[in-house]
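Undergrad: Pasting the sequence and the predicted coordinates here, then a few questions.
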Amino acid sequence: QVQLGESGGRLVQAGDSLRLSCAASGRPFAGYYMGWFRQAPGKEREFVAAISGGGGRTDYADSVKGRFTISRDNSKNTVYLQMNNLKPEDTAVYYCAARYDNSASIRPQGYNSWGRGTQVTVSS
């Protein structure tokens, strides 16, 4: 089972940029479909972005399309989430997740392993 650890979350102001990282242990990382999800207080966990094992396919939630970019470096077993033009409504705990079946999914139930999350807070 892959172990995941997120980092990079912090308090920022609206309009700022932030890059989250998720380091994975275990092999083969390149075979995992990786996703980012977020959960705000009192809300359900929601899909943010996902990327295929080789990086050739990416998917985004409409709310972040054009502002967030997901990428991965398989040589470092790491997936990234570059977040630009952050808004207060982006405030949430951000989780990365691994899907062992290297196929697309935007459902949390479709992912097998989860990190503990990193807090992103955007002030207005």
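TA: That came through fine. All of these numbers come straight from a predicted model, not from anything done at the bench.
Undergrad: quick one, helices of this protein?
TA: Taking DSSP state H as the criterion, the chain carries no helices.
Undergrad: where in it is pLDDT low?
TA: Filtered on pLDDT under 70, the chain yields no residues whatsoever.
Undergrad: give me the beta-bridge partners of the residue positioned nearest the centre of it?
TA: Nearest residue to the geometric centre of the chain (Cα atoms, centre = their mean): W36, 2.2 Å. Beta bridges link W36 to A49, C96 when assigned by DSSP bridges.
Undergrad: For it, give its distance to S124.
TA: 23 Å (Cβ to Cβ, to the nearest Å). Glycine gets a C-beta too; all of them are placed from N, C-alpha and C.
Undergrad: if we can go back for a sec, let me know whether the residue nearest to the centre of the chain touches C96 as I believe.
TA: Yes: counting by Cβ atoms under 8 Å, W36 does reach C96; the two are 5.6 Å apart.
Undergrad: what sits in contact with each of the two?
TA: Common contacts of W36 and C96, defined by Cβ atoms under 8 Å, 6 or more residues apart in numbering, comprise L20, C22, V79, L81.
Undergrad: Please work out how many residues are found near the closest residue to the last one other than its chain neighbours.
TA: In this structure, L81 finds its nearest non-sequential neighbour in L20, 4.3 Å apart by Cβ to Cβ, 6 or more residues apart in numbering. By the measure other Cβ atoms under 10 Å, the count of residues near L20 is 23.
Undergrad: mind listing the strands for this protein?
TA: 3-7, 11-13, 18-25, 33-39, 46-51, 58-60, 68-73, 78-83, 92-99, 113-114, 118-123 (DSSP state E).
Undergrad: for the residue lying closest to A14 once chain neighbours are set aside, what are its contacts?
TA: In this structure, A14 finds its nearest non-sequential neighbour in S124, 5.3 Å apart by Cβ to Cβ, 6+ apart. Contact analysis of S124 by Cβ under 8 Å, 6+ apart lists Q13, A14, P88.
Undergrad: Check the spacing between S124 and V93 real quick.
TA: On the measure of Cβ to Cβ, S124 and V93 end up 19 Å apart.
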